[in-house]
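Student: starting from these lines, generate the structure:
(one chain, ligands or ions: 2)
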Amino acid sequence: MSSDPTRRVAVVIPAKNEAETIATTIRAARAIQRVDLVIVVDDGSDDETQHVARNAGAAVVRHAVNRGKASAMETGAAVVAMRDIDNRPPRHLLFLDADLGESAVECNELVTPVLEGRADLAIAALPPQAGAGGRGFVVGAARKAIEKFTGWQPLQPLSGQRCLSREAYEVATPLSRGWGVETGMTIDVLRAGLTVIEVPCDLTHRATGNDLAGQLHRAGQYRDVMLAVTQRRVRTRAIPGEIIAQSAAMQRPGEPYRLNLRGASLPK
Ligand SMILES: O=c1ccn([C@@H]2O[C@H](COP(=O)(O)OP(=O)(O)O)[C@@H](O)[C@H]2O)c(=O)[nH]1
Ligand SMILES: O=C(O)[C@@H](COP(=O)(O)O)O[C@H]1O[C@H](CO)[C@@H](O)[C@H](O)[C@H]1O
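Tutor: Ligands and ions are numbered 1, 2, ... in the order given. I've put the predicted structure just below:
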């Protein structure tokens, strides 16, 4: 499949208090194919994140107060749009979490299907993480919601490592707040008739443990995922069940997935 050789990729890293890992993540991200811009959005950190990121060669913008992950992603994408070059196609966006460290380079695999036009949104599926304390409750709720809206059953619906075309990004905006962003984005992109793929990537990140802080984090994730789902239930028209069922029947693990809307376009 053809790939426009002038197409570039911008990495956007939302970061709150990530001074420890951000420099390594930035350096690894710069080694990913076609990446010519790395934007770090310091989301109201009270550590040295912004300075460390600047020294590591990223373009850094900062929220004076913490606004949440989704808001940082929107700020980053807006900065990318300002820096796109006239007469060149808009950069694809590659969202990465700040805690990937050296393993961020594995997200090279996410760029390929989007460059080649095989997918509009490519999502990393991570291997099991050491120290992870989750029981799959939030992940299961997000997966079930995505399946209900679109028929797709992602392995890792909350994965934040995502490469997408600007067209796909636009249909997902405004992004769902906070931790609802991944669930909302996946539903919106599929509802628009675009194509999504999950790609195994050998990534490591700071897994959420089983202590109080970990459980509070999961409670916040659950709240935001449910908010994203409820907003879509209330504000969007349901896709006919037969379209969902027929599309779902065609899905194959690791293959691109899209809704067969048969030419019909749905309002957001
Ligand atoms: O208010 C926040 C919370 C998190 N993050 C960033 O969002 C990414 C994902 O957060 P985290 O790793 O804590 O969550 P997980 O994906 O592990 O559940 C990281 O780069 C964080 O620094 C952010 O920008 N603003
Ligand atoms: O914190 C966790 O362990 C889960 C959410 O909690 P549950 O395992 O659903 O109870 O979410 C994480 O795991 C996902 C992979 O399964 C990652 O993709 C998410 O980024 C991470 O928040």
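Student: how about the residues of the stretch 1-150 of the chain by ligand 2?
Tutor: Those residues of the stretch 1-150 of the chain that sit near ligand 2, judged by C-beta under 6 Å from any ligand atom, are 132, 134, 135, 136, 137, 138, 139. (Each C-beta comes from the backbone N, C-alpha and C, glycine too.)
Student: let's see it at 5 Å
Tutor: Contact residues, the stretch 1-150 of the chain versus ligand 2 (C-beta under 5 Å from any ligand atom): 134, 135, 136, 137, 138, 139.
Student: using CSV, write down the CA coordinates of stretch 31-44.
Tutor: Output of stretch 31-44 as CSV, limited to C-alpha atoms (Å, rounded to 0.1, in the frame of the first residue of the first chain):
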residue,chain,number,x,y,z
ALA,A,31,13.8,7.4,17.0
ILE,A,32,10.3,6.5,15.7
GLN,A,33,9.9,6.6,12.0
ARG,A,34,8.8,10.0,10.5
VAL,A,35,8.8,11.7,13.9
ASP,A,36,10.0,15.3,13.4
LEU,A,37,8.2,16.9,16.4
VAL,A,38,7.8,15.9,20.0
ILE,A,39,5.5,18.0,22.1
VAL,A,40,5.3,17.6,25.9
VAL,A,41,2.3,19.1,27.6
ASP,A,42,3.2,19.6,31.3
ASP,A,43,-0.2,19.3,32.9
GLY,A,44,0.4,21.4,36.0
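Student: and the longest helix for this structure?
Tutor: When the chain is parsed with DSSP state H, its longest helix is helix 212-235.
Student: that one - contacts with which helices or strands?
Tutor: Counting contacts by 3 or more C-beta pairs under 8 Å, 6 or more residues apart in numbering; DSSP states H and E, helix 212-235 is packed against helix 137-150, helix 181-191.
Student: between the shortest one and helix 212-235, what angle do the directions make?
Tutor: When you say that, I think you mean helix 181-191. If you take axes from the mean of the first three to the mean of the last three C-alpha atoms, to 10 degrees, helix 181-191 sits at 30 degrees to helix 212-235.
Student: burial measure for residue 202, as a count.
Tutor: A count of nearby residues for residue 202, using other C-beta atoms under 10 Å, gives 11.
Student: closest residue of the stretch 51-200 of the chain to ligand 1?
Tutor: residue 98 (3.5 Å; C-beta to the nearest ligand atom).
Student: is it true that that residue touches residue 19?
Tutor: No - checked against C-beta atoms under 8 Å, the pair residue 98 and residue 19 is beyond contact range at 9.4 Å.
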